[in-house]
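Asks: Quick check, what structure comes out for this input:
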Amino acid sequence: MLKHLCLRLRIFLQSGPLHMFRHMYRTSQPSCFKRTRKVGGFTLLELLVVLVILGLLAGLVAPRMFANISKSEVKIARAQISALESALENYRLDVGRFPSSEQGLNSLDKAPGSEPRWAGPYLKKSVPLDPWGNAYQYRMPGERGDFDLFSFGRDGKPGGTGDDTDLFNNR
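Replies: Numbers count the residues shown, from 1 in each chain. This next block holds a predicted model:
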């Protein structure tokens with residue numbers, strides 16, 4: 001009933017003869033005349049809850065993602081070692097022997113001055129760096145086979161465990 005009276009009073013004030021005096025009644029209007037504006041958006045508490053949830057998810061997911069990244073770097077290094085090993089085999093078929101340690105992997109790209117049967121380049125691009133930005137190591141004669149081709153791993157130093165393990169062509 002009170003709502004109905006407030007509605008009628010509002011209509012009267014807006015359209016009646018007292019319309020020009022409407023501003024005088026604003027301070028003494030009943031609460032039903034006050035316009036309520038619904039403001040869109042989120043409260044601070046809701047935003048904090050969302051941030052906490054996102055933080056927890058990032059804390060759980062990020063370590064798993066970084067573990068996969070290090071595994072993929074090892075896979076890339078093994079694939080590059082395999083490709084370099086194939087290029088070295090092709091070099092041996094053309095020249096009759098593997099390049100010496102002094103000639104190194106650069107002999108896959110550029111002809112050594114003393115090799116008339118060199119038919120390279122044996123790689124489509126220059127000799128790549130390992131996934132950690134270090135040069136691959138080549139040793140002829142090898143300790144594990146005809147030659148050793150290896151990467152020192154993430155730390156770039158001999159030895160190590162985990163992600164720092166050295167990667168060899170013969171393992």
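
Asks: For this structure, give me the ranges with low pLDDT.
Replies: For the chain, the stretches flagged by pLDDT under 70 are 1-2, 4-39, 171.

Asks: max-length helix in it?
Replies: Taking DSSP state H as the criterion, the chain has its longest helix at helix 44-95.

Asks: Okay, buried residues for whichever helix or strand comes after it please.
Replies: Following helix 44-95 in sequence order, the next helix or strand is strand 137-139 (DSSP states H and E). Within strand 137-139, the residues scored as buried using 16 or more other Cβ atoms under 10 Å are 137-138. Using the backbone N, CA and C atoms, a C-beta is placed for each residue, glycine as well.

Asks: List the neighbouring strands of whichever helix or strand comes after strand 137-139 plus their orientation.
Replies: The element immediately downstream of strand 137-139 (helix or strand, assigned by DSSP H and E) is strand 148-151. Note on strand 148-151: by DSSP bridges, its sheet partners are strand 137-139 (antiparallel), strand 167-168 (antiparallel).

Asks: Which among the ones you listed is found nearest to residue 160?
Replies: strand 167-168 (10.4 Å; Cβ to Cβ).

Asks: Mind listing residues that contact the closest one?
Replies: Contacts to strand 167-168, defined as Cβ atoms under 8 Å, 6 or more residues apart in numbering, come from residues 74, 77-78, 81, 144, 148-151, 153.

Asks: picking that back up, same list (the strands paired with strand 148-151) but as a markdown table, adding distance to residue 98.
Replies: Output for these, formatted as a markdown table (distance: least, Cβ to Cβ, whole Å):
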| stretch | distance to residue 98 |
| --- | --- |
| strand 137-139 | 9 |
| strand 167-168 | 16 |
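
Asks: and residue 117, what does it touch?
Replies: Applying Cβ under 8 Å, 6+ apart, the residues contacting residue 117 are 94-96.

Asks: Show me which of those is closest to residue 53.
Replies: residue 94 (61.5 Å).

Asks: Surely the closest one touches residue 119?
Replies: Yes - using Cβ atoms under 8 Å, residue 94 makes contact with residue 119 at a distance of 4.5 Å.

Asks: which neighbours do these two share?
Replies: Common neighbours of residue 94 and residue 119 (Cβ under 8 Å, 6+ apart) do not exist.

Asks: ok so, going back, filter the contacts of strand 167-168 to the buried ones?
Replies: 74, 77, 81, 148-151, 153.

Asks: thought residue 153 was touching residue 163?
Replies: Yes - using Cβ under 8 Å, residue 153 makes contact with residue 163 at a distance of 6.5 Å.

Asks: how near is residue 110 to residue 135?
Replies: Applying Cβ to Cβ, to the nearest Å, the value for residue 110 to residue 135 is 16 Å.
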